[in-house]
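Chemist: just coords:
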């Protein structure tokens with residue numbers, strides 16, 4: 001937590017000194033849909049079917065297939081919505097995805113498992129346990145969709161609550 005507070009204080013000081021330009025959300029075109037192509041490790045922000053931006057992503061430690069239960073380290077597949085935003089998460093910004101949907105809840109219950117939850121799009125860990133190279137080149141999340149911190153800022157500014165997200169195989 002101290003690292004986050006220090007970082008926030010440093011950024012605030014740089015902005016106050018005029019060394020970092022202020023970025024306003026109005027200067028970013030808003031996406032009306034997000035698509036994640038798991039097999040390509042790509043997240044796309046779209047507007048009217050046109051790709052505005054494309055980002056490299058890391059997925060869950062077991063990226064193949066749909067999420068079946070809590071703790072399987074898979075990134076879910078399906079259509080969801082972007083929900084809550086957390087600027088104070090354990091990762092550099094996070095946006096919660098509306099997983100689990102009713103289909104995933106039913107299927108997990110039928111197998112006697114919890115479906116899992118707290119699936120997010122987020123940046124890098126605020127307190128990394130591995131090298132920067134590891135996070136850049138490996139699938140490392142528990143089932144979330146991770147991007148670089150710079151990319152997370154763009155996604156944060158270019159999406160709104162309830163933006164649909166399709167997570168494809």
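Modeler: In hand now; what should we look at? On a predicted model such as this, the values are computed, not experimentally measured, just so you know.
Chemist: which element follows the strand or helix carrying residue 150 toward the C-terminus?
Modeler: When secondary structure is defined by DSSP states H and E, residue 150 falls within helix 149-158. Later in the chain than helix 149-158, the nearest helix or strand by DSSP H and E is strand 164-168.
Chemist: That following strand: partners in the sheet, and parallel or antiparallel?
Modeler: If you go by DSSP bridges, strand 164-168 pairs up with strand 33-37 (parallel), strand 78-86 (antiparallel).
Chemist: which SS state does the residue nearest the centre of the chain fall under?
Modeler: Among the residues of the chain, the one closest to the centroid is residue 121, at 1.0 Å (CA atoms, centre = their mean). Here residue 121 is strand, with the state taken from DSSP: H, G, I helix; E, B strand; the rest coil.
Chemist: List the residues that contact it.
Modeler: By CB atoms under 8 Å, 6 or more residues apart in numbering, the residues touching residue 121 are 34, 43, 82, 94-95, 97, 144-147, 152, 155, 165. Quick note: C-beta positions are derived from backbone N, CA and C, even for glycine.
Chemist: circling back to that earlier point, nearest to residue 110, out of the strands paired with strand 164-168?
Modeler: Of all the strands paired with strand 164-168, it is strand 78-86 that lies closest to residue 110, at 16.8 Å by CB to CB.
Chemist: quick one: buried residues of that closest one?
Modeler: The neighbour-count criterion (16 or more other CB atoms under 10 Å) identifies 78, 80, 82, 85 as the buried residues of strand 78-86.
Chemist: low-scoring pLDDT stretches of this structure, where are they?
Modeler: Residues of the chain that meet the criterion pLDDT under 70 lie in 1-27.
Chemist: for it, what spans make up the strands?
Modeler: If DSSP state E is used as the criterion, the strands of the chain fall at 33-37, 42-47, 50-56, 78-86, 94-97, 120-122, 145-146, 164-168.
Chemist: So for residue 106, which of the ones you listed sits nearest?
Modeler: Relative to residue 106, the nearest member of the strands of the chain by CB to CB is strand 78-86, separated by 12.9 Å.
Chemist: which residues touch that closest one?
Modeler: The contact list for strand 78-86 (CB under 8 Å, 6+ apart) reads 34, 66, 93-99, 101, 103-104, 120-121, 156, 159-167.
Chemist: ChimeraX command to pick out the buried ones of those residues?
Modeler: The following ChimeraX selection, which keeps only the buried ones among the contacts of strand 78-86, applies the criterion 16+ other CB under 10 Å:
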select :34,66,93,94,95,96,97,98,99,104,120,121,156,159,163,165,167
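Chemist: what would the strands paired with strand 164-168 look like in TSV with distance to residue 52?
Modeler: Compiled in TSV, these are given as follows (distance: least, CB to CB, whole Å):
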stretch	distance to residue 52
strand 33-37	10
strand 78-86	15
